[in-house]
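> pasting the structure only:
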Ligand code: ADP
């Protein structure tokens, strides 16, 4: 495996562990998303990879070399790891070209033209950071990192400071650049759509423990527990006899008549469709509708048994409804 993390433990004090026995591995060229609520240890993990923090136990190896563990600690400057943060750390007194070339080992200068073309920065090289947009600054940060042929690229919430209307096009552009450069990447994001749309695999983290590490499709259709299910999008609680099942809103089909109905309390237009919020057996539900529906009316629905998810009974405490 290209990146191997084994039994990693990290705490800032002796008594508490931020990361508890983390193990996973990544193949070369894969893009992995790390999803977890604030304070779950995502940035701490990136810092351990980059060498800005030492791990307490376990090990990390990259491209066949141990970088931390078994008595080894490779200093950050000796690790070939690119780190891009959310707040575009470019030097304000240097232009974009000078920023990208800052402190560059001459052996990488051969990559300059290719990376500038790939990141579409040709016309912006003479400008200063305050003269270009947030998305362009983020592209410059990516260019600065990948020019140095990193073994691993770490992206810490790189899209969160971008305006919503341009975020997805910039995200897709950056994703294309990473794919074309075949750079193994770990993306930390709180936006589940980023994780679902662009990653090869998603790792969901809570309380220092991996909840699930799998492809976006598996994660969405077969969440390991209700925490993962909830992180990945709306889900409805469905009591049937003495058991509680869960089902995604988009798996519910509205029909003219059925024994199952929901009392509609809200109806939101979402662009392509409407989202109905209402009550079913004392649970707050959402259902997708192609047409607007009157508040306080009943809608009838059908479902397929195969779309029901079942988790053990302790799981229900994750849900608030
Ligand atoms: P995330 O990136 O998922 O929001 P962090 O890795 O930043 O989470 O933080 C995980 C936990 O570690 C938090 O409880 C945070 O307060 C704590 N923490 C982070 N950095 C330090 C530090 N340098 N010293 C002590 N505690 C820290």
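Structure received. Predicted model, so just to flag it, every value in this text is computed and none were measured.

> spell out which parts of this protein neighbour the ligand.
Neighbours of the ligand within the chain, by C-beta under 6 Å from any ligand atom: 12, 18, 36, 38, 39, 40, 41, 42, 43, 44. For every residue, glycine as well, the C-beta is placed using N, CA and C.

> where does pLDDT dip in this protein?
Applying pLDDT under 70 to the chain flags residues 88, 313-321.

> where do the strands sit along the stretch 51-200 of the chain?
Taking DSSP state E, counting those that start in this stretch as the test, the strands found in the stretch 51-200 of the chain are 57-62, 65-69, 72-73, 81-84, 152-156, 185-189.

> need these in a markdown table (columns: mean neighbour count).
Output for those, formatted as a markdown table (neighbours: other C-beta atoms under 10 Å):
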| stretch | mean neighbour count |
| --- | --- |
| strand 57-62 | 18 |
| strand 65-69 | 19 |
| strand 72-73 | 12 |
| strand 81-84 | 22 |
| strand 152-156 | 22 |
| strand 185-189 | 25 |
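
> closest to residue 216 out of those?
strand 185-189 (12.4 Å; C-beta to C-beta).

> which other helices and strands does that closest one contact?
Using 3 or more C-beta pairs under 8 Å, 6 or more residues apart in numbering; DSSP states H and E, the elements in contact with strand 185-189 are strand 31-35, helix 42-50, strand 152-156, helix 192-198.

> what is the longest helix out of those in the chain packed up against?
For the chain, the longest helix by residue count, based on DSSP state H, is helix 164-181. Packing partners of helix 164-181 (3+ C-beta pairs under 8 Å, 6+ apart): strand 31-35, helix 112-118, helix 134-146, helix 192-198.

> could the ones you listed be laid out in CSV, adding distance to residue 103?
CSV is the format used below for the helices and strands packed on helix 164-181 (distance: least, C-beta to C-beta, whole Å):
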stretch, distance to residue 103
strand 31-35, 27
helix 112-118, 14
helix 134-146, 10
helix 192-198, 30
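
> which among those is found nearest to residue 267?
Short answer: helix 192-198, nearest of the helices and strands packed on helix 164-181 by C-beta to C-beta, at 22.6 Å.
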